[in-house]
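In: Structural data only, the sequence is not supplied:
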């Protein structure tokens with residue numbers, strides 16, 4: 001096994017002090033340009049890799065960021081992770097992605113692992129809290145800048161939040177369906193354990209009120225969000241035969257619900273009015289186009305980028321940034 005190349009290895013090889021090598025590799029302005037080029041050239045030839053842990057121990061910090069997502073199965077999270085990864089590449093950050101499965105304990109373990117590698121910040125979609133003992137406490141985030149995405153949950157009191165303002169679009173969806181003659185409109189959303197679940201249900205009820213429609217508990221279905229939850233709930237609604245329209249309020253919920261409709265032989269827009277959530281590429285060609293509440297993925301990623309730039313320069317400030325969702329009406 002080849003010996004690990006260190007700063008002292010390079011220094012001995014070049015016949016200079018290891019402090020000079022260290023400064024050259026850190027672009028210290030006190031090192032002459034000729035020496036800096038020589039050191040970098042020899043470091044590359046020997047296969048030198050910077051020790052991030054040692055750098056952190058010296059107080060220089062690392063360029064490691066964590067991204068905690070429930071999954072990357074749906075197109076929104078996958079596209080966001082892709083956009084963020086490229087942004088990190090441009091800024092010189094290393095991105096570590098953890099999948100939590102919306103499990104608070106898995107989230108807590110991921111945060112601990114990020115702290116072990118001296119990560120600078122964590123961007124996370126907060127998991128719902130089922131067991132308080134599993135949830136990460138403020139001290140678990142010690143030393144990490146926290147950026148919350150889509151959902152919000154009190155953590156350190158200093159976290160930045162980047163959220164989607166979708167209340168208007170959800171309300172508009174109800175108004176649109178009412179205008180098309182629908183009076184039995186079902187809602188499928190996340191449970192109240194999630195801030196997004198609470199807010200989206202509130203927006204749906206506001207739409208009912210605006211249209212003069214009464215609330216019907218039988219048509220409102222909430223639970224921990226997943227593809228299977230959306231599919232199973234939709235099958236239940238189809239069996240009951242009361243709903244003439246469905247409004248989905250979650251990415252995976254929407255895909256699961258649509259899948260159930262199609263596998264049951266129901267045509268969105270003909271047999272049952274359907275408004276999804278998120279706008280994956282395949283929505284444009286199913287049954288002439290799926291109406292949906294579109295979330296601005298690229299602006300969200302760009303805002304995270306701006307926050308990261310603030311972190312990089314030490315100018316970050318905790319704040320909340322909201323981006324409007326848009327109701328897109330297609331054939332369904």
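Out: Yes, it's here. Model, not experiment: these values are computed from the prediction. Numbers count the residues shown, from 1 in each chain.

In: And the strands in the stretch 101-250 of the chain?
Out: 121-124, 145-149, 160-165, 185-190, 220-223, 245-249 (DSSP state E, counting those that start in this stretch).

In: What's the mean pLDDT across the fifth one?
Out: Read it as strand 220-223. Mean per-residue pLDDT for strand 220-223: 96.

In: helices and strands around that strand, which ones?
Out: Counting contacts by 3 or more C-beta pairs under 8 Å, 6 or more residues apart in numbering; DSSP states H and E, strand 220-223 packs against strand 185-190, helix 195-211, helix 227-240. C-beta here means a position set from N, CA and C on the backbone, and glycine is covered the same way.

In: Please compute how far that strand lies from its chain's middle.
Out: 22 Å (C-alpha atoms, centre = their mean, to the nearest Å).

In: again with the first one
Out: The gap between where strand 121-124 is centred and where its chain is centred comes out at 9 Å by C-alpha atoms, centre = their mean.

In: Report all helices and strands that it contacts.
Out: Against strand 121-124 (3+ C-beta pairs under 8 Å, 6+ apart) you get strand 64-69, helix 104-116, strand 145-149, helix 297-313.

In: Mind telling me which of these the model trusts least?
Out: helix 297-313 - the lowest mean pLDDT of the helices and strands packed on strand 121-124, at a mean of 79.

In: Any idea how far it is from the middle of the chain?
Out: What separates the centre of helix 297-313 from the centre of its chain is 13 Å, taken as C-alpha atoms, centre = their mean.

In: What of stretch 221-236?
Out: Worked out by C-alpha atoms, centre = their mean, stretch 221-236 lies 21 Å from the chain centre.

In: Buried residues in that stretch, which are they?
Out: 221-223, 225-227, 229-235 (16 or more other C-beta atoms under 10 Å).

In: repeat for stretch 123-143
Out: 123, 124, 125, 126, 127, 128, 135, 136, 140, 141.

In: For the first one, give its distance to residue 84.
Out: Distance from residue 123 to residue 84, counting by C-beta to C-beta, to the nearest Å: 7 Å.

In: Now the common contact residues for those two.
Out: 67, 304 (C-beta atoms under 8 Å, 6 or more residues apart in numbering).

In: still on that earlier bit, from the buried residues of stretch 123-143, which is closest to residue 319?
Out: residue 123 (14.5 Å; C-beta to C-beta).

In: now that closest one, nearest residue through space, not along the chain?
Out: residue 147 (4.4 Å; C-beta to C-beta, 6 or more residues apart in numbering).

In: and the one you found, how far is that from residue 300?
Out: 11 Å.

In: okay, and the common contacts of these two?
Out: residue 162.

In: any idea of the pLDDT on residue 11?
Out: 82.

In: Helix or strand: which one has it?
Out: Using DSSP states H and E, residue 11 maps to helix 7-14.

In: so after that helix, what's the next helix or strand?
Out: helix 18-25.

In: could you give the angle of that following helix to helix 7-14?
Out: Angle of helix 18-25 versus helix 7-14, following axes from the mean of the first three to the mean of the last three C-alpha atoms, to 10 degrees, is 100 degrees.

In: Report the buried residues of helix 18-25.
Out: 20, 21, 22, 23, 24, 25.

In: Quick one: residues contacting the fifth one.
Out: Meaning residue 24. 31, 35, 36, 38, 39, 40.

In: Check these for burial and list the buried ones.
Out: 31, 36, 38, 39, 40.

In: between the buried residues of stretch 123-143, which is nearest residue 191?
Out: residue 128 (6.9 Å).

In: so what's that closest one closest to, chain neighbours aside?
Out: residue 193 (3.8 Å).

In: That neighbour contacts residue 224, doesn't it?
Out: Yes. Counting by C-beta atoms under 8 Å, residue 193 does reach residue 224; the two are 7.3 Å apart.

In: Quick check: neighbours shared by those two?
Out: Going by C-beta under 8 Å, 6+ apart, residues that sit against residue 193 and also against residue 224 are residue 128.

In: and stretch 280-292, which residues are buried?
Out: For stretch 280-292, by 16+ other C-beta under 10 Å, it's 280, 283, 286, 287, 289, 290, 291, 292.

In: again, but for stretch 143-152
Out: Counting neighbours by 16+ other C-beta under 10 Å, stretch 143-152 gives 144, 145, 146, 147, 148, 149, 150, 151, 152 as buried.

In: Distance check, the residue nearest to residue 128 against residue 293.
Out: From residue 193 to residue 293 the distance is 21 Å (C-beta to C-beta).

In: Compare neighbour counts for these two and give me the winner.
Out: residue 293 (26 against 17; other C-beta atoms under 10 Å).

In: what's across from the more buried one in the sheet?
Out: Beta bridges link residue 293 to residue 277, residue 327, judged by DSSP bridges.
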